[in-house]
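Engineer: coordinates only, sequence not included:
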Ligand code: 5AD
Ligand code: SF4
């Protein structure tokens, strides 16, 4: 076969093109297997959020289709680091661990190391890896995860580091292989990217503008998952409340939820993340009247100070947030509310921080992720001269943490003695006479049971609350 003939055969449309490269990679892998007298193994390590976790499932799906065998350890033939850059310590962890991978590669020179995800969308990161981590084979960004087979092929065929980063998403490619971490629950991307440009946040720069998948593609994916045994889905997007705006036939997130709610066999629907500025009354009402949408809303507050919220470009103030919480609780009295809060945003005064503490106390969150502000170069907040001193941040952070932990314990304690439905996820890792699962509000419950309950939703009596988890008994 001549070279030109071969070239002509490469499909230009997706996903056919990737399927072609999956086949080509499989042939290359078989040659390597014959050489080594064994199968080749891979490991994908995920840093960061659920979006990345979902992308990693896609990466794993492609690799398994090529013929790689999953490995528990990073000491294997192909490692992919799917990175996060939302806070600085996420970046530093990746650099540290790359050094360890280098050690494995010295023992196994055929090993391939790939780094992808949010960090790679930043030029300074690519330059640093290119200059100081030359043992890395492949770099790609957030917009071309679907191209893994093609990029791997290039990396097999040529010397040196393969680098492919797209500035913006070209398309949403559907129908590529993917593996699910759990057989009974699945993450589903409903949209990609973010248009909000909160002043501290790097995400819009590394994940690009908002793109919604069509409702047909989403419903088809979930229906297929349910046929495969999925009972719970988590709908994923940086700001799910603005779902559907750019579509040819615009549809609201509330309408999408109610469509998904009708899928027979689907028991639980979760979603994250909601932006308070876009959480409509229509959505609150849809959750309240749906049969399967979990009564849990993750509603990032970031700060309780209206002055800082304005500076952060959040488009709501303290009063609007509190009013939203009031309306949510009125419509959905048993709702669990969780949040994200940043401490030490540039210019945060004692008064600003007290406003945050005030909102936290007034709302009483079920749980909260608290973060020290991290300066991300390229974001407007990073250039501010009035960065807050570390010891002030630490003191505020500890006070806030104490408060959210106390609130979390109180909220959890209030459910003691009730019977709640639990999706059983696994046999307890420490005591195999117990199984562990999650309630609708995402809290963990351990109770006597066997592995045949995994993937089932059962009623459980919450006998005692142990702070952030419960011990229970199956209720029949
Ligand atoms: N510093 C600290 N926390 C941040 N987050 C986003 N950017 C930063 C930053 N620069 C937090 C926000 C967001 C969560 C995912 O991460 O609270 O909701
Ligand atoms: Fe970042 Fe704000 Fe977008 Fe969330 S909504 S990803 S905090 S820019």
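Structural biologist: Received it, and whenever you're ready, just let me know what you need. Note that the structure is predicted; figures quoted are calculated from it, not measured. Ligands and ions are numbered 1, 2, ... in the order given.
Engineer: Domain-wise, how is the protein divided?
Structural biologist: Split into domains by automatic domain parsing, the chain comes to 16-164, 185-413, 419-474.
Engineer: need the ones you listed in a markdown table with mean neighbour count, can you?
Structural biologist: Heads up, the C-betas are built off the backbone N, CA and C, glycines and all. Converted to a markdown table, the domains of the chain look like this (neighbours: other C-beta atoms under 10 Å):
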| stretch | mean neighbour count |
| --- | --- |
| domain 16-164 | 18 |
| domain 185-413 | 18 |
| domain 419-474 | 17 |
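Engineer: Just put those in TSV and tack on distance to residue 176 and mean pLDDT.
Structural biologist: As requested, those are exported to TSV (distance: least, C-beta to C-beta, whole Å; pLDDT from 0 to 100):
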stretch	distance to residue 176	mean pLDDT
domain 16-164	6	96
domain 185-413	12	96
domain 419-474	25	95
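Engineer: of all those, which lies closest to ligand 2?
Structural biologist: domain 185-413 (3.1 Å; C-beta to the nearest ligand atom).
Engineer: Distance from the closest one to the middle of the chain?
Structural biologist: 13 Å (C-alpha atoms, centre = their mean, to the nearest Å).
Engineer: how long is it from one end to the other?
Structural biologist: Start-to-end span of domain 185-413 (C-alpha to C-alpha, to the nearest Å) is 27 Å.
Engineer: next one: stretch 75-94
Structural biologist: 16 Å.
Engineer: related to what we said a few turns ago, tell me which of the domains of the chain sits nearest to residue 173.
Structural biologist: Of all the domains of the chain, domain 16-164 sits nearest to residue 173, with 4.2 Å by C-beta to C-beta.
Engineer: Downstream of the longest helix along the chain, the next helix or strand is which one?
Structural biologist: For the chain, the helix that runs over the most residues, judged by DSSP state H, is helix 390-413. Sequence order places strand 419-427 as the next helix or strand after helix 390-413, per DSSP states H and E.
Engineer: Tell me the strands beside that next one, with direction?
Structural biologist: Strand pairing for strand 419-427, determined by DSSP bridges: strand 434-439 (antiparallel), strand 457-465 (antiparallel).
Engineer: what residues does the stretch 51-200 of the chain put near ligand 1?
Structural biologist: 86, 87, 200 (C-beta under 6 Å from any ligand atom).
Engineer: My error: substitute the stretch 251-400 of the chain in the last question.
Structural biologist: 300, 302, 340, 342, 371, 373, 374, 376.
Engineer: three-state assignment of the third one?
Structural biologist: Here residue 340 is recorded as strand under DSSP: H, G, I helix; E, B strand; the rest coil.
Engineer: same deal with the first one?
Structural biologist: State at residue 300, reduced to three classes by three-state DSSP: coil.
Engineer: pretty sure it contacts residue 337?
Structural biologist: No. Counting by C-beta atoms under 8 Å, residue 300 sits too far from residue 337 to count as a contact (10.9 Å).
Engineer: returning to that earlier point: rebuild the strands paired with strand 419-427 as a markdown table, extending it with distance to residue 405.
Structural biologist: Formatted as a markdown table, these follow (distance: least, C-beta to C-beta, whole Å):
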| stretch | distance to residue 405 |
| --- | --- |
| strand 434-439 | 19 |
| strand 457-465 | 14 |
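Engineer: ok, so what distance separates residue 430 from residue 439?
Structural biologist: Look at residue 430 and residue 439: by C-beta to C-beta, to the nearest Å, they are 20 Å apart.
Engineer: Look up the closest residue to the residue in the stretch 201-350 of the chain that ligand 1 sits nearest to, ignoring the ones flanking it.
Structural biologist: Ligand 1 sits closest to residue 340 of the stretch 201-350 of the chain, with a gap of 3.4 Å, by C-beta to the nearest ligand atom. In this structure, residue 340 finds its nearest non-sequential neighbour in residue 300, 3.9 Å apart by C-beta to C-beta, 6 or more residues apart in numbering.
Engineer: Which phi and psi values does the one you found adopt?
Structural biologist: phi -60, psi 120 (degrees, to the nearest 10).
Engineer: Please list all residues in contact with it.
Structural biologist: Counting by C-beta atoms under 8 Å, 6 or more residues apart in numbering, residue 300 touches 273, 274, 275, 276, 339, 340, 341.
Engineer: which residues touch the nearest residue to the first one once chain neighbours are set aside?
Structural biologist: If you skip the residues right next to it in sequence, residue 273 has residue 298 as its closest partner in space, 5.6 Å away by C-beta to C-beta, 6+ apart. Shown in contact with residue 298 (C-beta under 8 Å, 6+ apart): 272, 273, 274, 338, 339, 340.
Engineer: in the sheet, who's paired with the fourth one?
Structural biologist: So the one you mean is residue 338. Beta-bridge partners, per DSSP bridges, of residue 338: residue 298, residue 367.
Engineer: doesn't residue 365 make contact with it?
Structural biologist: Yes. Using C-beta under 8 Å, residue 338 is in contact with residue 365, at 5.9 Å.
Engineer: about what we covered before: how about the strands paired with strand 419-427 in CSV, adding distance to ligand 1?
Structural biologist: Formatted as CSV, these follow (distance: least, C-beta to the nearest ligand atom, whole Å):
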stretch, distance to ligand 1
strand 434-439, 21
strand 457-465, 27
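Engineer: who wins for proximity to residue 267 among those strands?
Structural biologist: It is, among those and with distance given as C-beta to C-beta, strand 457-465, at 5.5 Å.
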